[in-house]
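Trainee: dropping the sequence and predicted coords here.
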Amino acid sequence: MSKLDFLTMDDYDFTGKRVLLRVDMNIPVDKATGRLKETAKIYEHAKTILELVRKKAKVVVLTHQGRPGESDFIPLDQHVEVLSSIISRVKYVKDLMGEEAERSIKELKNGEVLVLENVRTWPEELKEQPPEELAKSKLVQKLAPLFDVFVNDAFGAAHRSQASLVGFAEVLPTVAGRLMEWELKMLVKAASKPERPSIYILGGVKAEDAVEVCEGVLSRGVADKVLTGGLIASIFLTAKGYRLGEPNEQLIEKKGFKSMVPDAQKLLSRFEGRIVTPVDVAVEKPRGKRSEVKVGDLPVDALIKDVGADTINLYKEELKDAKTVVFSGPLGVFEEPLFMRGTEEILKAMANSKAFTMIGGGHTVAAAKQVGVIDSISYTSTGGGALTAYLTGKELPVVTALRKAALRRRTG
């Protein structure tokens, strides 16, 4: 039993066993070309698959991709193509739980890998229910009898209580895959028992998530300070009484974030001095020039696109003595070279720090790759919604299911 109270792949003999492996290879798709935008998740899950192959298991992979009706809802041909470049003996059946899938599962030999069709082709998969109910679902009832063990490696979907994620754990021996195990160990280090001082940097455009995370990490004593950027900084600056200028105020209203300002005011009062906002911002002036404005000189008739040089220096100073640094959401519009500076400087400061550093969220990870510091960050999380849920202190249904399965085995 691990310190996290669930079973891992060290706790089971996979030799000759049929393994149902749930992964999260849900990847952004280029709307213009229909091609996968990146493949990092596939490579991460391949480590778990390779270990099972080496242990002579018969591995059946289950994943979702996109949502029905969306442009990213596609079959798994591209995923299998990438996986086949890493692992030999990979098969793909365009069936989920019909006769072809059943036959292919039964014909698997030791060390072979079979990928089933996108689990969201089954309409009921998106239903969120208690695990006990999901164990009675058609998917679980049809597939579970064909397997000896369920391995859950889908940390990125750990905040969902759906049939393929928690239903099988009710009826099969269940262990965490290597990516799931590693993600949770790193999150305990960063978000449950961090070395101090612990600094969180929250930015990006998903302000509703960021405000929730801000309250979660401060109220639970996980973070000593939260440094803000992106739209969340605009919300907190508004809460402090600054007029940002019509373009920025309209953006906050358009995104539906105006109602969050009173909540931000309460957080500023409750955690006085622990939520740090920019002292200057960067906007785009005519002829594509970057212009920096002190917050005392606001409002400005242009969109705020980055933090300014004084804020960068202030934030870097905050990081100097930090022992834990977590960064989620860019500080500015990093896709535009003029406004990459804040995100870039902070990422470089993290890379040169002796602290335990963690980044999460697709845009932050993309920025770290662009800056060239991804390999200097202590841990890069694959989770989006699951990471946010964990940081806010919410229960992760998949982790609860893993712990219940471990308790059943321990108590017989």
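Mentor: Perfect, I can see it now. Residues are numbered from 1 along each chain as shown.

Trainee: for the stretch 51-200 of the chain, just list every one of the strands.
Mentor: Using DSSP state E, counting those that start in this stretch, the strands of the stretch 51-200 of the chain run over 58-62, 90-92, 113-115, 149-152, 174-176, 198-202.

Trainee: so V326: helix, strand or coil?
Mentor: With DSSP: H, G, I helix; E, B strand; the rest coil as the basis, V326 sits in strand.

Trainee: that one touches A190, doesn't it?
Mentor: Yes - assessed by CB atoms under 8 Å, V326 is found in contact with A190 at 5.4 Å. Every C-beta, even on glycine, is put in place using the N, C-alpha and C of the backbone.

Trainee: what touches both of those two?
Mentor: M358 (CB atoms under 8 Å, 6 or more residues apart in numbering).

Trainee: coming back round to it: including mean neighbour count and mean pLDDT, could the strands of the stretch 51-200 of the chain go into JSON lines?
Mentor: Putting the strands of the stretch 51-200 of the chain into JSON lines (neighbours: other CB atoms under 10 Å; pLDDT from 0 to 100) gives the following:
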{"stretch": "strand 58-62", "mean neighbour count": "25", "mean pLDDT": "98"}
{"stretch": "strand 90-92", "mean neighbour count": "18", "mean pLDDT": "98"}
{"stretch": "strand 113-115", "mean neighbour count": "24", "mean pLDDT": "98"}
{"stretch": "strand 149-152", "mean neighbour count": "27", "mean pLDDT": "98"}
{"stretch": "strand 174-176", "mean neighbour count": "27", "mean pLDDT": "98"}
{"stretch": "strand 198-202", "mean neighbour count": "27", "mean pLDDT": "96"}
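
Trainee: in CSV: these, plus distance to T343.
Mentor: As requested, the strands of the stretch 51-200 of the chain are exported to CSV (distance: least, CB to CB, whole Å):
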stretch, distance to T343
strand 58-62, 35
strand 90-92, 37
strand 113-115, 36
strand 149-152, 33
strand 174-176, 32
strand 198-202, 10
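
Trainee: count the neighbours of G296 for me.
Mentor: Using other CB atoms under 10 Å, G296 has 8 other residues around it.

Trainee: which one of the strands of the stretch 51-200 of the chain lies nearest to L126?
Mentor: Checking the strands of the stretch 51-200 of the chain against L126 by CB to CB gives strand 58-62 as the closest, at 14.7 Å.

Trainee: helix or strand with the lowest mean pLDDT in the protein?
Mentor: The helix or strand of the chain with the lowest confidence, counting by mean pLDDT, DSSP states H and E, is helix 385-391 at a mean of 85.
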